[in-house]
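Fold the following, please.
(chains A, B and C)
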Amino acid sequence: MGNADLRSLASLSEVSFDDLAGGVVAVDAHNWLYRYLTTTVKFTGDEVYTTTEGEEVANLIGIVQGLPKFFEHDLTPVFVFDGGVTELKDAEVSERRAQREKAEELKKEAEERGDDMEAARLEARTQRLTDVIHETSRGLLERLDVPVIEAPAEGEAQASYMAKQGDVDYVGSEDYDTLLLGAPYTLRQLTSKGDPELMDLEATLSDLDVTQEQLIDIAILCGTDFNEGISGVGPKTALKEVKEHGDLWTVLEARDDYIENADRVRELFRDPPVTDDYEFDTDLSPDLDAARAYVSEEWEVPADEVARGFERIEDSLVQTGLDQWT
DNA sequence: TCCCGAAA
DNA sequence: TTTCGGGAT
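As a prediction, this is how the structure comes out:
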């Protein structure tokens, strides 16, 4: 499906982890895990992460390696998992499935001609979030006492809602959709090496001089996960025309154009399915022994693969514990 | 998603 | 100057 390049419109700034210390971040679990699944697997091959029953649980390694980043900087993560998939997203979902199948085919071909490098590279593209991955991720997070929230629909929408309500300080996601979903502050690049990037909704709106509703209309014109945009219209044109005419309908009228499901897509961003039925405690008391046993005994991940990550988690907890007394 | 080069 | 399309991650 078409995709709005909202990056060029968003107000982004580099921040340091020090500025975020003490914050609570609602992490879009799907988004976050996917990054680890595609990167962790790529460099190491999949044998190590497959149980005797053939389950792929690279996500457990991803979590153990990814969590220290939060703890070491005194950031508390709250993981928000997806519930059902929005019906309008069917087209997007089947497109991704098609891409995955294509990658699987190419990988098979690469294996047949003995091109291991290419096969490993393609492996990353075949990853998906299976039920086992969802389940085991939750199992590990629970043992680490990291809050887990189940969204009624999209995790991104639920996380944004929680941020809007002030129950968390940030949404953690790589997507720009959180702007449309009303998240005041979104942290990007929480999984990569350097400093995180902060996306600021208020600043975005005031820089562009548009309302939240207009920003949604701009995105719809360019195309989103839920609708095809208008060809020839990118962020610049969409911004200009929405400001000129006021909103999506008047722009479409002026261009004598039409967007399928535009009203429903708009509603999905303005008022997505979310729940108020959540609560969490940010004072974490992880059971590291249970977590280690879960990963290495129950799910057969070699202990040395996760040793360093667990050490870092342990150290960071001792560290923050001491901080309270100094 | 990001980046880059082609095309308009 | 902006959008589009392809390739790498």
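
quick one: residue A:213 and residue A:247 touch, right?
Yes. Look at residue A:213 against residue A:247 with C-beta atoms under 8 Å: they come within range, at 7.1 Å. C-beta: built from backbone N, CA, C; applies to glycine.

ok, the residue in the stretch 151-300 of chain A positioned nearest to DNA strand C - contacts?
Among all residues of the stretch 151-300 of chain A, residue A:234 sits closest to DNA strand C, at 2.3 Å; criterion: C-beta to the nearest atom of the strand. By C-beta atoms under 8 Å, 6 or more residues apart in numbering, residue A:234 lies in contact with A:5, A:222.

gap between it and residue A:6?
11 Å (C-beta to C-beta, to the nearest Å).

Which neighbours do the two have in common?
Common neighbours of residue A:234 and residue A:6 (C-beta under 8 Å, 6+ apart) are residue A:222.

next SSE after whichever helix in chain A runs longest?
The longest helix of chain A (DSSP state H) is helix A:90-112. Following helix A:90-112 in sequence order, the next helix or strand is helix A:116-123 (DSSP states H and E).

Tell me the gap between whatever helix or strand comes next after that next one and the middle of its chain.
For helix A:116-123, the following helix or strand on the C-terminal side (DSSP H and E) is helix A:131-143. The chain centroid and the centroid of helix A:131-143 are separated by 16 Å under C-alpha atoms, centre = their mean, to the nearest Å.

Can I get helix A:131-143 in CSV? Just the C-alpha atoms.
Taking Å, rounded to 0.1, in the frame of the first residue of the first chain, the C-alpha atoms of helix A:131-143 are listed here in CSV:
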residue,chain,number,x,y,z
ASP,A,131,1.9,-17.2,18.2
VAL,A,132,4.9,-18.9,19.8
ILE,A,133,6.9,-15.7,19.6
HIS,A,134,4.1,-13.7,21.1
GLU,A,135,3.6,-16.2,23.8
THR,A,136,7.2,-16.7,24.8
SER,A,137,7.9,-13.0,24.7
ARG,A,138,5.1,-12.5,27.2
GLY,A,139,6.4,-15.4,29.3
LEU,A,140,9.8,-13.9,29.6
LEU,A,141,8.6,-10.4,30.2
GLU,A,142,6.4,-11.6,33.0
ARG,A,143,9.3,-13.3,34.7
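
and the closest residue to DNA strand B within the stretch 101-250 of chain A, how many neighbours?
For the stretch 101-250 of chain A, the residue closest to DNA strand B is residue A:175, as judged by C-beta to the nearest atom of the strand, at 3.9 Å. Neighbours of residue A:175 under the rule other C-beta atoms under 10 Å: 18.

Could you do residue A:261 as well?
As a burial measure, residue A:261 scores 15 neighbours (other C-beta under 10 Å).

residues from chain A in reach of DNA strand C?
Contact residues, chain A versus DNA strand C (C-beta under 7 Å from any atom of the strand): A:39, A:121, A:124-125, A:229, A:231-238.

Just the ones of those residues in strands?
Among the residues of chain A next to DNA strand C, no member falls in strands (DSSP state E).

quick one: low-confidence parts of chain A?
A:1-4, A:40-55, A:84-88, A:120, A:124-127, A:319-326 (pLDDT under 70).

let's see 80
Of all residues in chain A, those with pLDDT under 80 make up the ranges A:1-5, A:38-57, A:84-130, A:318-326.

Near DNA strand B, which residues of it? Just list them.
Counting by C-beta under 7 Å from any atom of the strand, chain A sits next to DNA strand B at A:3, A:7, A:174-177, A:188.

want to try JSON lines for these, with secondary structure as columns?
Formatted as JSON lines, the residues of chain A next to DNA strand B follow (DSSP: H, G, I helix; E, B strand; the rest coil):
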{"residue": "A:3", "secondary structure": "coil"}
{"residue": "A:7", "secondary structure": "helix"}
{"residue": "A:174", "secondary structure": "coil"}
{"residue": "A:175", "secondary structure": "coil"}
{"residue": "A:176", "secondary structure": "coil"}
{"residue": "A:177", "secondary structure": "helix"}
{"residue": "A:188", "secondary structure": "strand"}
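
Give me the buried subset of these.
The neighbour count (16 or more other C-beta atoms under 10 Å) marks A:174-177, A:188 as buried among the residues of chain A next to DNA strand B.

Among these, give me the pair with the biggest separation.
The largest separation in these, counting by C-beta to C-beta, is between A:177 and A:188 at 12.0 Å.

before we move on, the earlier item: so the residue of the stretch 101-250 of chain A closest to DNA strand B is in contact with residue A:30, correct?
No. With contact defined as C-beta under 8 Å, residue A:175 does not count as touching residue A:30 (10.0 Å).

who touches both of the two?
Shared contacts of residue A:175 and residue A:30, counting by C-beta under 8 Å, 6+ apart, come down to residue A:156.

count of neighbours near residue A:266?
Neighbours of residue A:266 under the rule other C-beta under 10 Å: 23.

in what helix or strand does it lie?
helix A:262-270.
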